[in-house]
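Trainee: sequence below, structure please.
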Amino acid sequence: LMGKKSNWLSLGGGVRSASFKYHFSVNVQQVKLREGVAISPQAKFQVAWKRGDKLALTREIPADSTNLEFNESLSLVCTMYRTEGGFAAKEASFSLLQLGRDGRDKGT
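Mentor: Presented below is the predicted three-dimensional model:
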């Protein structure tokens, strides 16, 4: 992950803690499916990066093999709060979504 700090600072409501906006980017190169995973011929896949209510998605790609080539960048802007030891921890998740023929999510 690469973070880039924005040029502004704000103070939390009544709390003397500084918050910073950072722009984070990730490159999604490839996802390799486990051997033996059954893939429907109509299936498409997408990678989702979620933090809080923010979501970044790759484009949908068909599953031609067990190697899914995305070669795509995803970006999110996150507010980071300064603590004595650096910044407060933030949780994020990455999911591989399998989409059906109609583009609807069939699960992760």
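Trainee: mind listing what's buried along stretch 34-49?
Mentor: Using 16 or more other Cβ atoms under 10 Å as the test for burial, stretch 34-49 gives 43, 44, 45, 46, 47, 48, 49. Where C-beta positions appear, they are placed from N, C-alpha and C, glycine not excepted.
Trainee: quick one: buried residues of the lengthiest strand in the chain?
Mentor: Secondary structure of the chain per DSSP state E: the longest strand is strand 67-83. Neighbour-count burial for strand 67-83 flags 68, 70, 74, 76, 80 (criterion: 16+ other Cβ under 10 Å).
Trainee: just checking, what packs against the next helix or strand after it?
Mentor: Downstream of strand 67-83, the first helix or strand assigned by DSSP states H and E is strand 86-87. If you count contacts as 3 or more Cβ pairs under 8 Å, 6 or more residues apart in numbering; DSSP states H and E, strand 86-87 packs onto no helix or strand.
Trainee: any idea of the mean pLDDT for strand 86-87?
Mentor: Across strand 86-87, pLDDT averages out at 86.
Trainee: check stretch 67-82 too.
Mentor: Mean predicted lDDT for stretch 67-82 stands at 92.
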